[in-house]
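**Student:** Requesting a structural model of the entry that follows:
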Amino acid sequence: MFEKVRDTLLGKPIDGQLPSRVQQAIQKQQDQSEILIAWVQLGLVLLFCALYALSPKTFSSEAMFAPVPYALSIYLGFTMIRLIIASTWRLPSWFLTISVLADMSLLMFLIWSFHIQYEQDPSFYLKAPTLLYVFIFIALRALRFDVRYVLLAGLSAAVGWMILLGYAVHYGDGMSVITTDYVIYTMSHRILLGAEFDKVISILVVTLILALAIVRARRLLINSVAQATAAEDLSRFFSPEIAAKITHSESWIEPGTGQTRNAAILHCDLQGFTRLSMEKPANEVISLLAEYQSRLVPIIQKHGGTIDKFLGDGILATFGAAVQTDHYAADCLIAMEEMMAESARWAKERSSAGQPPQTIRFTAASGPILFGAVGDKSRLEYTVIGEPVNLAAKLDKHAKDEQAEAVVTLHTFEEALEQGYNPTTKNEIRAARHVGGVTGLIDLVVLSPEMVVS
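**Tutor:** Numbering: from 1, shown residues only. Now for the predicted structure:
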């Protein structure tokens with residue numbers, strides 16, 4: 001029962017210790033909040049200066065002390081220093097504590113000085129409407145999403161007002177200045193304790209309500225930052241398009257949900273990698289694989305492709321599946337041409353460095369596919385299913401028979417032409433080819449890399 005009430009009031013607690021990267025992200029948000037607070041404070045003090053300059057002065061010109069200009073000047077200087085420090089370094093907790101106490105102390109001093117400025121009894125300042133400014137300073141601390149400084153601001157304001165009340169009673173006419181008559185209180189400098197306690201209670205209640213709101217907001221902030229960090233991490237393990245689908249989904253993603261659409265499937269394969277992985281040291285193999293992927297993946301993504309999965313030395317990419325387009329086949333073949341050029345450059349660089357060049361094969365097919373989530377509730381994966389997926393993989397093996405580095409179906413090639421693809425490579429139609437694992441004959445197009453080597 002207690003936990004239910006607690007969760008209702010404060011929000012659900014955060015499970016476990018937050019990872020350091022999440023804590024750093026939260027700290028960054030708080031640092032930015034301190035800069036915002038400093039700018040708001042600067043705006044307030046400039047507003048107060050303008051109001052003071054424009055407002056008529058009701059006290060005597062012969063008054064011995066006019067504290068407002070001095071208080072505003074001090075506060076303006078302190079605010080400027082605070083803004084510079086907040087914009088340059090991370091404000092330490094002791095400085096933030098001093099800042100809160102300085103705000104309230106300056107305000108209470110300003111209120112206290114009114115009885116000297118207007119040459120009245122100390123109880124005179126208890127009726128000053130300037131007390132309302134304490135709520136501005138308390139609310140200002142809520143921008144940081146740290147309940148400690150909200151509570152400190154509220155408690156220091158309440159204690160400060162109690163000190164002013166005690167001073168007014170002690171340095172006035174003693175207990176004789178206290179009245180229980182509200183009319184007399186409003187018409188004189190007499191003190192109504194109930195009215196002053198109401199002010200203190202109002203300050204404390206507003207502080208507690210804000211503190212409660214900050215606790216809930218901070219938990220929401222932590223959850224939000226944690227989810228944003230998780231989404232950022234997610235984009236490293238998934239393609240950006242898949243990560244966006246997961247994080248921006250309006251409902252829970254369930255297994256078995258998907259969409260049918262037309263797309264192009266691209267298959268990349270590092271020739272002879274299996275034999276090489278058995279002959280070379282593990283670090284050298286992984287390094288080669290990383291370099292191969294780092295060269296091709298940006299090209300695929302540059303042309304709107306989505307990495308579906310890494311298959312050892314193979315890369316399965318889709319065009320028009322995760323993000324539906326009307327030029328999926330053209331994007332696929334344009335990306336393939338650029339990757340062929342990159343493959344040729346890579347081979348040339350390795351040869352110049354005295355390393356064996358690596359050959360990459362590219363195959364593509366297009367047609368209707370099913371794109372959706374598979375697995376169970378504990379482990380989901382977005383994937384593509386359909387004949388083009390299987391055909392692209394089978395063409396990879398068939399490319400050896402064609403002695404070709406890039407093979408696409410004639411259907412895909414013609415679709416790409418219709419979608420605006422303008423070939424820059426030599427292409428050769430090879431009709432009625434028998435592809436292992438495929439029933440019937442298929443018309444293929446072999447793209448030659450000669451014209452794209454630079």
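
**Student:** Distance of the nearest residue to residue 261 once chain neighbours are set aside relative to residue 132?
**Tutor:** The shortest distance from residue 261 to any non-neighbouring residue, by C-beta to C-beta, 6 or more residues apart in numbering, is to residue 324 (5.3 Å). All C-beta atoms are positioned from the backbone trio N, CA, C, and that covers glycine. Distance of residue 324 to residue 132, given as C-beta to C-beta, to the nearest Å: 57 Å.

**Student:** quick revisit: can you give me phi and psi for the residue nearest to residue 261?
**Tutor:** Torsion angles at residue 324 (phi, psi; degrees, to the nearest 10) stand at phi -70, psi 130.

**Student:** Quick one: name whatever helix or strand follows the one helix or strand residue 289 maps to.
**Tutor:** Under the criterion of DSSP states H and E, residue 289 resides in helix 282-302. Per DSSP H and E, the first helix or strand lying C-terminal to helix 282-302 is strand 305-311.

**Student:** The residue in the chain sticking out farthest from the centre and residue 121, how far apart?
**Tutor:** Going by C-alpha atoms, centre = their mean, the residue of the chain most distant from its centre is residue 176, 60.8 Å out. Going from residue 176 to residue 121 by C-beta to C-beta gives 11 Å.

**Student:** now swap in residue 102 and tell me
**Tutor:** Plainly put, residue 102 is 28 Å away from residue 121 if you go by C-beta to C-beta.

**Student:** secondary structure element for residue 444?
**Tutor:** Assigned by DSSP H and E, residue 444 falls in strand 441-448.

**Student:** ok, and the residue lying closest to residue 151 once chain neighbours are set aside, which helix or strand is that part of?
**Tutor:** In space, and not counting its chain neighbours, residue 151 is closest to residue 211: 5.5 Å by C-beta to C-beta, 6+ apart. Per DSSP H and E: residue 211 is located in helix 193-237.

**Student:** What's the mean pLDDT across that helix?
**Tutor:** Helix 193-237 comes out with an average pLDDT of 79.

**Student:** try stretch 119-127
**Tutor:** pLDDT averaged over stretch 119-127 gives 86.

**Student:** Span of that stretch from start to end?
**Tutor:** 15 Å (C-alpha to C-alpha, to the nearest Å).

**Student:** quick one: buried residues of it?
**Tutor:** Residues of stretch 119-127 classed as buried: 121-126 (neighbour count, 16 or more other C-beta atoms under 10 Å).

**Student:** cool, and stretch 85-99?
**Tutor:** By 16+ other C-beta under 10 Å, the buried positions in stretch 85-99 come out as 85-86, 91, 96, 99.

**Student:** and these as CSV, adding distance to residue 42 and secondary structure?
**Tutor:** Below are those laid out as CSV (distance: C-beta to C-beta, whole Å; DSSP: H, G, I helix; E, B strand; the rest coil):
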residue, distance to residue 42, secondary structure
85, 13, helix
86, 11, helix
91, 15, coil
96, 17, helix
99, 13, helix
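
**Student:** Let me know the closest of the residues you listed to residue 403.
**Tutor:** Checking the buried residues of stretch 85-99 against residue 403 with C-beta to C-beta, the nearest one is residue 86 at 66.8 Å.

**Student:** That closest one contacts residue 34, doesn't it?
**Tutor:** Yes. Here residue 86 reaches residue 34: they are 4.5 Å apart, a contact under C-beta atoms under 8 Å.

**Student:** And for residue 27, the neighbour number?
**Tutor:** 12 (other C-beta atoms under 10 Å).

**Student:** So which elements touch the helix or strand encompassing residue 345?
**Tutor:** In the assignment (DSSP H and E), residue 345 maps to helix 328-352. Packing partners of helix 328-352 (3 or more C-beta pairs under 8 Å, 6 or more residues apart in numbering; DSSP states H and E): strand 258-270, helix 282-302, strand 305-311, strand 314-319, strand 360-376, strand 406-409, helix 410-418, strand 441-448.
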